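Visitor: the sequence and its predicted three-dimensional model are supplied below.
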Amino acid sequence: MDHRHVMRALSGLLIVLFVAMISSTVVSVALPQIIGSLNGTQSQYTWVVTATLLASTASTPIWGKLADLFSKKLLLQIAIGLFVVSSIACGFAQSTGQLIGFRVIQGLGMGALQVLVQVIIAAMISPKERGRYNGYLGGVMAVATVGGPLLGGFITDTSWLGWRWCFFI
């Protein structure tokens, strides 16, 4: 693959990683409104975030092993589909229980995206150049961590958007 194709593929992978990373931080600011809107409890408040992180963390090694056995491209496409469908379902949730369930599915997709992006980059890039590209990964993660709460606050406080758009974006 020439440099131009590598950069195009890398930019697509970094966008996917950014969306997966920001999905957990953008919701954190909106949680009080989400729980209030869905008439949730304090324990459900915690589970909206915890369910996603647990599913993501638990599924990451499984997705990594699947990447050793099956097509990385196909697995990435499945993960993107899983993540997008569950994000839309989160936005349409009618109860906190539904939201928690959809966030578990979203966490499975998020865990897949986080590990598969790194696996694919490792397969595409020579070991000599991987440090530079891992720097890009770190930059994306930092921007998502800092930018997510800012974006979540903006979306939640914008009257014509509301908390559901934290999932639709």
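Guide: Here it is on my side, so go on.
Visitor: G162 touches F154, doesn't it?
Guide: No. If you go by C-beta atoms under 8 Å, G162 and F154 don't touch, sitting 11.7 Å apart. To be clear about C-beta, it is placed using only N, CA and C from the backbone, and glycine gets the same treatment.
Visitor: ok, for the residue positioned nearest the centre of the chain, nearest residue in space, not its chain neighbours?
Guide: Among the residues of the chain, A20 comes closest to the average C-alpha position under C-alpha atoms, centre = their mean, at 1.8 Å. Spatially, and ignoring its direct neighbours in sequence, A20 is nearest to L113 (4.0 Å; C-beta to C-beta, 6 or more residues apart in numbering).
Visitor: one more: Y136?
Guide: Y136 sits nearest to L14 (C-beta to C-beta, 6+ apart), 6.1 Å away.
Visitor: could you check which helix or strand contains that neighbour?
Guide: If you go by DSSP states H and E, L14 is part of helix 3-37.
Visitor: list the buried ones in that helix?
Guide: 10, 13-14, 16-27, 29-31, 33-35 (16 or more other C-beta atoms under 10 Å).
Visitor: same check on stretch 140-157?
Guide: Residues 140, 144, 148-149, 151-152, 155-156 are the ones in stretch 140-157 that count as buried (16+ other C-beta under 10 Å).
Visitor: ok, back up a step: where's the helix holding L14 relative to the chain centroid, distance-wise?
Guide: 5 Å (C-alpha atoms, centre = their mean, to the nearest Å).
Visitor: what's downstream of that helix, the next helix or strand?
Guide: Once the chain leaves helix 3-37, the next helix or strand it forms, by DSSP H and E, is helix 42-69.
Visitor: who are the packing partners of that next one?
Guide: Other helices and strands packing on helix 42-69, by 3 or more C-beta pairs under 8 Å, 6 or more residues apart in numbering; DSSP states H and E, are helix 3-37, helix 72-91, helix 96-124.
Visitor: and that helix, which residues are buried?
Guide: Within helix 42-69, the residues that count as buried by 16+ other C-beta under 10 Å are 44-45, 47-49, 51-52, 55-56, 59-60, 63-64, 66-67.
Visitor: now it: how far from the chain's centre is it?
Guide: That offset, for helix 42-69, works out to 11 Å (C-alpha atoms, centre = their mean).
Visitor: stretch 145-164 now?
Guide: Worked out by C-alpha atoms, centre = their mean, stretch 145-164 lies 16 Å from the chain centre.
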